[in-house]
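[1] Based on what follows, work out the 3D shape:
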Amino acid sequence: MHDFHCREAKDIRNKVLARRMESIKNNEVEVAKMCEAMENYGDERYEEGREDGRISTIREFIEGGLPLEKVLSF
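    Numbering: from 1, shown residues only. A predicted model of the protein is given here:
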């Protein structure tokens, strides 16, 4: 578990993982790929959060007694 919390490759105990991390962090193409992957991950989590928020709001409207026709119009 230690290795997955390291920020620097030199601190990683597993040599294979350390070499891979070093190659990723010091290669502009790999860094760009990782940045894109993290942006996509963030976008997906954002959309999931929006969807969860919509569901919660609709549930609150229904539980609050708002007619279904009005809930569906939002």
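[2] Every contact and neighbour count from this point should use C-alpha atoms.
    Noted.
[3] who touches residue 3 in this structure?
    With contacts taken as Cα atoms under 8 Å, 6 or more residues apart in numbering, residue 3 has the following neighbours: 11, 12, 13, 14.
[4] List the contacts of residue 25.
    Taking Cα under 8 Å, 6+ apart as the definition of contact, the neighbours of residue 25 are residue 31.
[5] Quick check: closest non-adjacent residue to residue 30.
    Excluding the flanking residues, the one nearest residue 30 by Cα to Cα, 6 or more residues apart in numbering is residue 24, at 5.2 Å.
[6] Next one: the residue lying farthest from the centre of the chain from residue 31, what distance?
    With Cα atoms, centre = their mean as the measure, the chain has its most outlying C-alpha, relative to the mean C-alpha position, at residue 67: 35.3 Å. Note on residue 67: its distance to residue 31, by Cα to Cα, to the nearest Å, is 51 Å.
[7] host element of residue 18?
    Residue 18 is located in helix 15-25, with elements delineated by DSSP states H and E.
[8] just residue 70 next, same as before
    Here residue 70 is assigned to helix 68-72, by DSSP H and E.
[9] Report the mean confidence score over that helix.
    Confidence for helix 68-72, expressed as mean pLDDT, is 80.
[10] Show residues contacting that helix.
    Outside of helix 68-72, the residues within contact range by Cα under 8 Å, 6+ apart are 58, 61, 62.
[11] can you put these in TSV and add pLDDT, secondary structure and neighbour count?
    Output for the contacts of helix 68-72, formatted as TSV (pLDDT from 0 to 100; DSSP: H, G, I helix; E, B strand; the rest coil; neighbours: other Cα atoms under 10 Å):
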residue	pLDDT	secondary structure	neighbour count
58	87	helix	17
61	89	helix	15
62	89	helix	14
